[in-house]
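A.B. asks: A structural model of the following input is requested.
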Amino acid sequence: MIYFPPSDLYRIGGLITATLEKLYRNKEAAGPAHDALLATLATLYTYERNYERALAILMNLADKSVFQLIDRYRLFPQVPLLPLAN
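C.D. replies: Numbering: from 1, shown residues only. Alright, predicted model coming up:
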């Protein structure tokens, strides 16, 4: 995951918007850079306490850190309710 300084130094919503714009502009691009942007978005959603979105992104990426997220924020009940994109 990418390191972020303390969240009180920046606006998380603005960073999420910028990350989403970057992803939408490069929809066709796939690969490590695209996955890194998605992982960054998941981290930003976690800072915003939007755990369900972060969980969905990490599950779709098959990122191992999804287990830490589930355990840390007790998201066990949400896991079966989230659809996985194929």
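
A.B. asks: report all helices and strands that the helix or strand of the chain with the lowest mean pLDDT contacts.
C.D. replies: Within the chain, confidence by mean pLDDT, DSSP states H and E is lowest for helix 66-72 among all helices and strands, at a mean of 87. On a contact count with 3 or more Cβ pairs under 8 Å, 6 or more residues apart in numbering; DSSP states H and E, helix 66-72 meets helix 51-61. In short, each C-beta sits where N, CA and C put it, glycine included.

A.B. asks: in PDB, list the C-alpha atoms belonging to the helix it packs on.
C.D. replies: In PDB, the C-alpha atoms belonging to helix 51-61 read as follows (Å, rounded to 0.1, in the frame of the first residue of the first chain):
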ATOM      1  CA  TYR A  51     -15.100   0.500   4.700                       C
ATOM      2  CA  GLU A  52     -17.600  -1.200   2.400                       C
ATOM      3  CA  ARG A  53     -16.200   0.500  -0.700                       C
ATOM      4  CA  ALA A  54     -12.600  -0.200   0.400                       C
ATOM      5  CA  LEU A  55     -13.500  -3.800   1.100                       C
ATOM      6  CA  ALA A  56     -15.100  -4.200  -2.400                       C
ATOM      7  CA  ILE A  57     -12.000  -2.800  -4.100                       C
ATOM      8  CA  LEU A  58      -9.500  -4.900  -2.200                       C
ATOM      9  CA  MET A  59     -11.600  -8.000  -2.800                       C
ATOM     10  CA  ASN A  60     -11.800  -7.400  -6.500                       C
ATOM     11  CA  LEU A  61      -8.000  -6.800  -6.500                       C
END
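
A.B. asks: residues in contact with the residue positioned nearest the centre of the chain?
C.D. replies: Taking Cα atoms, centre = their mean, the centroid of the chain lies closest to Ala42, which sits 1.1 Å from it. Taking Cβ atoms under 8 Å, 6 or more residues apart in numbering, we find Ala42 in contact with Arg53, Ala54, Ile57, Leu58, Leu61, Asp63, Leu69.
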